[in-house]
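> prediction below, plus the sequence it came from.
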Amino acid sequence: MSELVNQLKIVKYPHPALRYKSKPVKRVDRELGQIVRKMFDLMYEANGIGLAANQVNLPYRLFVINLTADPNEKQEELVFLNPVILRRKGFEQGEEGCLSLPDLRGTVRRSKEIDILAYNLQGEEICWRVTGLLARAFQHELDHLDGILFIDHLEPSELLELRGYVEKWEDEYMSAVSEGAEEPEDKVLNRLRELEALRT
Ligand code: ZN
């Protein structure tokens with residue numbers, strides 16, 4: 001496996017990659033397959049049902065979903081490359097969490113039914129009408145690719161309740177950067193741009 005794949009890990013808020021607007025993937029190769037495999041493994045380790053490329057510090061429009069969160073249910077694994085929403089219908093409130101914002105939950109309004117278009121790793125078109133948890137997970141992950149987090153959608157009153165956590169993480173991250181344990185923003189952005197040039 002490449003060094004890049006071995007180094008992948010889930011980044012936590014407020015890592016700058018989480019605010020990066022990802023670019024469409026133009027090159028699908030063996031390494032991208034390994035990246036996707038690693039993303040599923042990291043997602044299962046963290047008991048998640050979805051993980052976007054931004055969350056492993058990569059600048060690609062790509063996310064993975066397995067609504068069962070069960071590594072034994074490989075047939076439930078979904079890979080979405082260059083995903084878009086073609087049509088939205090209705091609204092639904094629901095609770096969400098995020099592997100990059102551990103232990104936080106919040107109520108987010110999402111479209112109830114969406115028509116999606118994406119590609120899988122084999123280059124096959126995925127053109128589905130989806131509802132329920134898959135629709136919610138898809139919209140949450142798609143947001144990640146545009147640098148948007150679920151906390152950005154919360155009502156002000158709800159955000160206020162979570163404010164303590166968010167500020168604590170921001171302070172911790174600043175300290176980690178000054179101690180050299182985390183990369184500063186400009187370094188992260190340079191790396192993302194380099195990776196972007198390879199594949200988009
Ligand atoms: Zn998330």
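Yep, it's here.
> the residue in the chain sticking out farthest from the centre: what's it in contact with?
Most distant from the centre of the chain: Glu179, at 26.8 Å, with distances by C-alpha atoms, centre = their mean. Applying C-beta atoms under 8 Å, 6 or more residues apart in numbering to Glu179 gives no contacts. For glycine as for every other residue, the C-beta is placed from the backbone atoms N, C-alpha and C.
> center of the protein - which residue?
Ala52 (2.4 Å).
> against Gln139, how distant is that one?
Using C-beta to C-beta, to the nearest Å, Ala52 is found at 12 Å from Gln139.
> repeat that for Glu92.
10 Å.
> repeat for Glu182
Distance from Glu182 to Gln139, by C-beta to C-beta: 29 Å.
> list the strands paired with the longest strand along the chain, with their directions.
Assignment by DSSP state E gives strand 78-98 as the longest strand of the chain. Neighbouring strands of strand 78-98 in its sheet, by DSSP bridges, are strand 62-65 (antiparallel), strand 101-119 (antiparallel).
> so how far is it from its chain's centroid?
12 Å (C-alpha atoms, centre = their mean, to the nearest Å).
> so for that strand, what's the average pLDDT?
Computed over strand 78-98, the mean pLDDT rounds to 98.
> hey, C-alpha coordinates of that strand in CSV?
What follows is strand 78-98, C-alpha atoms only, in CSV (Å, rounded to 0.1, in the frame of the first residue of the first chain):
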residue,chain,number,x,y,z
LEU,A,78,-21.6,2.3,-1.1
VAL,A,79,-18.9,4.4,-2.8
PHE,A,80,-19.9,7.8,-4.3
LEU,A,81,-17.5,9.5,-6.7
ASN,A,82,-18.3,13.0,-7.9
PRO,A,83,-21.8,13.0,-6.4
VAL,A,84,-24.4,15.5,-7.1
ILE,A,85,-28.1,16.1,-6.2
LEU,A,86,-30.3,16.5,-9.3
ARG,A,87,-33.6,17.2,-7.6
ARG,A,88,-34.9,17.7,-4.0
LYS,A,89,-38.3,17.2,-2.6
GLY,A,90,-39.7,18.0,0.8
PHE,A,91,-38.0,18.5,4.2
GLU,A,92,-37.3,16.4,7.2
GLN,A,93,-35.7,17.1,10.6
GLY,A,94,-33.4,14.5,12.0
GLU,A,95,-30.5,14.0,14.4
GLU,A,96,-27.0,13.9,13.1
GLY,A,97,-23.5,13.3,14.4
CYS,A,98,-20.1,13.4,12.7
